[in-house]
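Peer 1: Give me the fold of what follows.
(6 chains)
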Protein chains: 4
Amino acid sequence: MTAKENRKKETIRRILDASAKIFAEVGFEGARVDEIAKRARVNKAMIYYHIGDKKALYTEVLLEIFGDAASRMADNIAGADTPLEKMKAYLRSFTETLLKHPHLPPIMMREMADGGQNLPEVVAKELATIVGLVHAVVTDGYQKGIFVKVEPLVLHLMVVGGVSYFKTSGPARRKYYEMIGETAGSIKDPKGLDFKSEIENIILRAVLKQ
Amino acid sequence: MTAKENRKKETIRRILDASAKIFAEVGFEGARVDEIAKRARVNKAMIYYHIGDKKALYTEVLLEIFGDAASRMADNIAGADTPLEKMKAYLRSFTETLLKHPHLPPIMMREMADGGQNLPEVVAKELATIVGLVHAVVTDGYQKGIFVKVEPLVLHLMVVGGVSYFKTSGPARRKYYEMIGETAGSIKDPKGLDFKSEIENIILRAVLKQ
Amino acid sequence: MTAKENRKKETIRRILDASAKIFAEVGFEGARVDEIAKRARVNKAMIYYHIGDKKALYTEVLLEIFGDAASRMADNIAGADTPLEKMKAYLRSFTETLLKHPHLPPIMMREMADGGQNLPEVVAKELATIVGLVHAVVTDGYQKGIFVKVEPLVLHLMVVGGVSYFKTSGPARRKYYEMIGETAGSIKDPKGLDFKSEIENIILRAVLKQ
Amino acid sequence: MTAKENRKKETIRRILDASAKIFAEVGFEGARVDEIAKRARVNKAMIYYHIGDKKALYTEVLLEIFGDAASRMADNIAGADTPLEKMKAYLRSFTETLLKHPHLPPIMMREMADGGQNLPEVVAKELATIVGLVHAVVTDGYQKGIFVKVEPLVLHLMVVGGVSYFKTSGPARRKYYEMIGETAGSIKDPKGLDFKSEIENIILRAVLKQ
DNA sequence: CATGAATGAGTCTTCATTCAT
DNA sequence: AATGAATGAAGACTCATTCAT
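Peer 2: Residues are numbered from 1 along each chain as shown, chains lettered A, B, ... in the order given. Sure thing, here's the model as predicted:
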């Protein structure tokens, strides 16, 4: 029995992993159910049996990926004392999530580009909650006289946007220097670039009073 | 003759406009040639006659949209005297372009999500040139002792990302409060939010020394 | 399992049969995949699933039809003792093949008319082998002082050509007398015409010494 | 006026020449009206204006090509005295026609393969007349005790077929030795092969008594 | 649960033909 | 006569989804 259940879980795992990857690579419209089945080493009909149609599959992937992002972030923020630490916690927590789910940026970008039509409610709430968290951090810091007044939504979108573009623009940038030759300079990933701390520095400088 | 040429130009215009809109809405894979023809009020075969296949059409749209973005931006920056003014010129020029081409953000987001496979070389160069411009502005300001040291690529990606997400997240945000009710608060477009100056403030604060 | 396999085989069989017929009737360009599917009483997508695109289908048909023509002919010739018998064996074997595959003549004619662009290598070899066989038979007979010197390629092409035109010209000839009335005489298939022995007589008379 | 008429004639000439070539190369179904117009350096609509639709164009080409083949052949045969000379006249006249119209063999082959559906009546008559001529020659020779009894239709089809295959099989044969290497031997056009006299020899040997 | 075959509704693309000028 | 744009009806090929075993 347990063996059977394991097998089932394993099948579903493989399906979801393959789907996430493919949806990240080519988007919902570009994804082919056949290809997903093939990469998951699973019979195509099994996808329908275990999960449902292509859209259900996509939803499942979104749920998995976004999952409890907000609550983890909330925990991290709650664990910090000062506004500065809270802001850092937010930034790191966010980046961690993206590191753990490399498929997240392209999927979210396409989701936004689509107008979020396919965002399951749960995920939408998750995203909204995150903005709420940022809002709380920013407001707290402002009231304590540590932060300047900043629109949290804008700040957050710059962070999400910056990370998303950074994570996804790699191929395009690489393609560019292949096109152009080595001296491409500024566009190339600057050596040893620590994106995480760069973004942290920028945001903190923008937010901290004085 | 001129009548004929006019008709031709108009046909092509209608095709490109409809295409840009649809590609922006649903992406390359999601776009239907039939739908493009329909919305352009043009016989489908005319698309192939005047422009070529779907991919050629997409390329044409990209070229039109990205067109001379970099050179316009370069002009604007060159017209400014101080590093501060140059930075402002960059930020404004960029935002203007996006205002003029509302289709640009979703298209670029999807293009990045795709790994830039379909970016025509010209467009890739355009994008790279823009990063180069930012690099020049940042370096200049730093050498003149006005800016702190900032990685230009990161700064630019935060700007692009911020604008992109802001421009595209509208529906998702709206969907969210419909879901949740009016009190959604922070996620809602804060009243009278002037995104342009918000982002400018954040970037300038992050970049200016002291 | 076997039931499934049977069903599969039968589907493929129906596809190939219908294809051969249609390709013979209207040629590759004239053939419609829809029509093939319809006549094969098979869902169109099954053609792509089991065999591939139209060209692959065509190749498959050629392979089936030409198959092992040469080796069968070689066997028949090898089984004969004298040059005369060998020549007869060639002629009969050839005609048999055409009788078994009524689709062969039109397909080969069109293939030649096309410059053999689509001849799969295997088939080209098959055809060449046959010419080789004729060459051997003719040379053998000549060296044994039984045949006159004859160019084997020409002889073979007259046989192939004669049979091809005979097999395919039926409708045109019939059409002609319908047009003209019964007294058409010579063009009509002369009553009781035994084409096989007619051609054999002509060739043997042309080849045998004295 | 005459200048205008010349221009018209020239246009029609170019159309028909291009058509003949293309129909010969790729057949009726494979031919593209655009391509014909392009090769004829003529506006596509002019084809419809001067000649008519694709089928009319094809018919026109057939008429031109087959034209008065029979009557020329009849003249040539009438000019010969003995049955032997008449037979030679037939064979030569036939080959001449094919030399003059290199497009004839592939077109006729495809026409036969199609079941002669598109043969205009005039052309059908022309072809029938030719068989009639052969019939007359053979019968005459037989009655004069010079020829053996031979079925004229078969004889003719072997001639037509031999010439057709010889004329069209060039590419396929060449393709074959490229595939196989130089030693291809018998399939290769035997050096200095004089196809015309080879075929003449074969037929005469087959037909002449003793 | 698992498999491979089957289905039907698209989706892109081509092409003969016609129209307006 | 001549031109280039326009049209509509196919035609090849794909793909999400379902079925039978």
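Peer 1: contacts and neighbour counts: CA atoms only from here.
Peer 2: Noted.
Peer 1: For stretch A:136-148, give the mean pLDDT please.
Peer 2: Mean pLDDT, stretch A:136-148: 95.
Peer 1: I meant stretch A:30-44, not that one.
Peer 2: Stretch A:30-44 comes out at a mean pLDDT of 96.
Peer 1: Worst mean pLDDT across the helices and strands of chain A, which element?
Peer 2: Ranked by mean pLDDT, DSSP states H and E, the weakest helix or strand in chain A is helix A:170-180, scoring a mean of 78.
Peer 1: and it, is it in reach of chain B?
Peer 2: Yes - under the criterion of C-alpha under 8 Å from any C-alpha of the partner chain, helix A:170-180 makes contact with chain B via A:G170, A:P171, A:A172, A:R173, A:Y176.
Peer 1: Tell me how many other residues surround the last one.
Peer 2: A:Y176: 22 surrounding residues under other C-alpha atoms under 10 Å in any protein chain shown.
Peer 1: Hmm, it is touching B:L127, no?
Peer 2: No - A:Y176 lies out of contact with B:L127 (C-alpha atoms under 8 Å); the separation is 9.4 Å.
Peer 1: ok, back up a step: kindly calculate the angle that the helix or strand that the least confident helix or strand of chain A is followed by makes with helix B:195-207.
Peer 2: Per DSSP states H and E, the first helix or strand lying C-terminal to helix A:170-180 is helix A:195-207. Angle, helix A:195-207 to helix B:195-207, by axes from the mean of the first three to the mean of the last three C-alpha atoms, to 10 degrees: 110 degrees.
Peer 1: list the helices and strands helix A:195-207 packs on?
Peer 2: helix A:83-100, helix B:152-180, helix B:195-207 (3 or more C-alpha pairs under 8 Å, 6 or more residues apart in numbering or on different chains; DSSP states H and E).
Peer 1: quick one: contacts of it?
Peer 2: Contact partners of helix A:195-207, identified using C-alpha atoms under 8 Å, 6 or more residues apart in numbering or on different chains, comprise A:87-88, A:91-92, A:95, A:147-150, A:155, A:159, B:150-151, B:154-155, B:201-207.
Peer 1: do the same with stretch A:103-117
Peer 2: So stretch A:103-117 is in contact with A:20-21, A:23-25, A:27, A:65-66, A:98, A:118-119, A:163-165, A:167-168, B:24-26, B:105-107, B:109-110, B:112-114, B:165, B:168-172, going by C-alpha under 8 Å, 6+ apart.
Peer 1: Just the buried ones among those residues, please.
Peer 2: A:20-21, A:23-25, A:27, A:65-66, A:98, A:118-119, A:163-165, A:167-168, B:24-26, B:105-107, B:109-110, B:112-114, B:165, B:168-170, B:172 (16 or more other C-alpha atoms under 10 Å in any protein chain shown).
Peer 1: which SS class is A:R41?
Peer 2: Following DSSP: H, G, I helix; E, B strand; the rest coil, the label given to A:R41 is coil.
Peer 1: Just give the nearest non-adjacent residue to it, would you?
Peer 2: A:R14 (7.6 Å; C-alpha to C-alpha, 6 or more residues apart in numbering or on different chains).
Peer 1: overlap between the residues of helix A:170-180 next to chain B and the residues near chain C?
Peer 2: Answer for the residues of helix A:170-180 next to chain B near chain C: none qualify (C-alpha under 8 Å from any C-alpha).
Peer 1: Max pairwise distance over those: which two?
Peer 2: A:G170 and A:Y176 (9.8 Å; C-alpha to C-alpha).
Peer 1: are any of the contacts of helix A:195-207 buried, and which?
Peer 2: A:87-88, A:91-92, A:95, A:147-150, A:155, A:159, B:150-151, B:154-155, B:202-207.
Peer 1: For the residue nearest to A:R41, identify the helix or strand it belongs to.
Peer 2: Going by DSSP H and E, A:R14 is in helix A:2-30.
Peer 1: quick one: is that helix near DNA strand E?
Peer 2: Yes - residues of helix A:2-30 contacting DNA strand E under C-alpha under 7 Å from any atom of the strand: A:K4, A:E5, A:R7, A:K8, A:K9, A:T11.
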